[in-house]
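>>> Quick one, what's the 3D model for this:
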Amino acid sequence: MTNSSPQAQASAAPPDPQRTAEARIAFTAHLTSIGNSHISALETRVADIHSNSVAISKQEDELVKQTKKLEEESKKHQKVADDAGKKLKELGDIQNWAEVLERDLLVLEETMRIGEGEESGWETEEDETTVDQDPAETTGKGKGGKELRKGEEHDQPQEG
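Numbers count the residues shown, from 1 in each chain. Sure, this is the predicted structure:
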């Protein structure tokens, strides 16, 4: 039994070399077209990447320059801050010195006030007479307004 249909006979017939060549050319052209469309998009992307890379390199160089300038400015600012810190420390030392000096002056002032008070007749513990003391034993006022007792001289230092 032989198959007598036209399709069976066509598939059994050898391919036509011209048609095969045409089909191969059309298929290759189609693949080339698809490839070219993809290549075109990729080439655009590659060109963008390359131009961006160049721009980034320029920005990187500028960034390095600006960083060096910033570092120099930072060093200047640090020096100013250090100098200001030293001056503040000196100011604190001066303030401390002034406070110590003020305390010393207050002590001297108080000492002078007390000394002047004794000279101008302020009573001291020795000056106060008690009820038990005999008024006849006192002879008068000596140096510094202190009362002298009998037998004391004016030039003797008073014990206190």
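>>> Quick one: the strands in the protein, in order.
Assigned strands in the chain, in chain order: 138-141, 147-149 (criterion: DSSP state E).
>>> State the distance from residue 84 to residue 61.
Going from residue 84 to residue 61 by C-beta to C-beta, to the nearest Å gives 35 Å. All C-beta spots, glycine's among them, are computed from the backbone N, C-alpha and C.
>>> which residues of this structure score low on pLDDT?
Residue ranges of the chain with pLDDT under 70: 1-12, 120-160.
>>> Which parts of it are helices?
Chain-ordered helices for the chain, with DSSP state H as the definition, fall at 6-12, 17-119.
>>> In TSV, list the ones you listed along with mean neighbour count.
Shown next, in TSV, are the helices of the chain (neighbours: other C-beta atoms under 10 Å):
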stretch	mean neighbour count
helix 6-12	9
helix 17-119	10
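>>> Torsion angles phi and psi at residue 16?
Dihedral pair for residue 16: phi -80, psi 120, per degrees, to the nearest 10.
>>> That one and residue 85: what is the separation?
Using C-beta to C-beta, we find residue 16 at a distance of 98 Å from residue 85.
>>> Same check on residue 20?
The spacing between residue 20 and residue 85, counted by C-beta to C-beta, is 92 Å.
>>> Over to residue 34?
Relative to residue 85, residue 34 is positioned 72 Å away (C-beta to C-beta).
>>> do the same with residue 104
Residue 104 sits 29 Å away from residue 85, going by C-beta to C-beta.
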